[in-house]
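[1] This is a predicted model, with the sequence first.
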Amino acid sequence: MLKSPILPRDLPLFSDDLDLLCEVLDDVCKIRDLPRNTPEAQQIGALIIQLYRQGVKDRAKLASLAKAYL
């Protein structure tokens, strides 16, 4: 029997999840005129993933929070 709870951050990301996260990152990078291969874009991508794993599943909300970052 599993004694420790399974947390949302421990669940795998599926292709639909990754598609959404990539689209949000693309939108944020486009608005900031930021190439995706920069350290700043990588930090924003990590933030988007973290927010998603914490339960923020709405695309607009993810984008809004990511735009406010940095």
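    Perfect, I can see it now. Numbers count the residues shown, from 1 in each chain.

[2] C-alpha only now, for contacts and for neighbours.
    Fine.

[3] Tell me how far stretch 58-70 lies from the chain's centre.
    Centroid separation for stretch 58-70 versus its chain: 9 Å, with C-alpha atoms, centre = their mean, to the nearest Å.

[4] neighbouring contacts of it?
    Stretch 58-70 is contacted from outside by 20, 24-25, 27-28, 44, 47-48, 51-52, 56, using C-alpha atoms under 8 Å, 6 or more residues apart in numbering.

[5] Okay, and which of these map to helices?
    Using DSSP state H, the members of these that fall in helices are 20, 24-25, 27-28, 44, 47-48, 51-52.

[6] For the contacts of stretch 58-70, which entry has the maximal number of neighbours?
    residue 25 (25 neighbours; other C-alpha atoms under 10 Å).

[7] give the contact list for that one.
    By C-alpha under 8 Å, 6+ apart, the contact list for residue 25 reads 41, 44-45, 48, 63.

[8] Tabulate those residues (JSON lines), appending distance to residue 3.
    Listed next are the contacts of residue 25 as JSON lines, based on distance: C-alpha to C-alpha, whole Å:
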{"residue": "41", "distance to residue 3": "38"}
{"residue": "44", "distance to residue 3": "34"}
{"residue": "45", "distance to residue 3": "32"}
{"residue": "48", "distance to residue 3": "30"}
{"residue": "63", "distance to residue 3": "36"}
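
[9] Can you name the two of those that sit furthest apart?
    Spanning the widest gap among the contacts of residue 25 are 41 and 63, at 13.0 Å by C-alpha to C-alpha.

[10] Quick check: the gap between the residue nearest to the spatial centre of the chain and residue 5.
    Centroid-nearest residue in the chain, with C-alpha atoms, centre = their mean: residue 48, separated by 2.1 Å. Distance check for residue 48 against residue 5: by C-alpha to C-alpha, to the nearest Å, it reads 23 Å.
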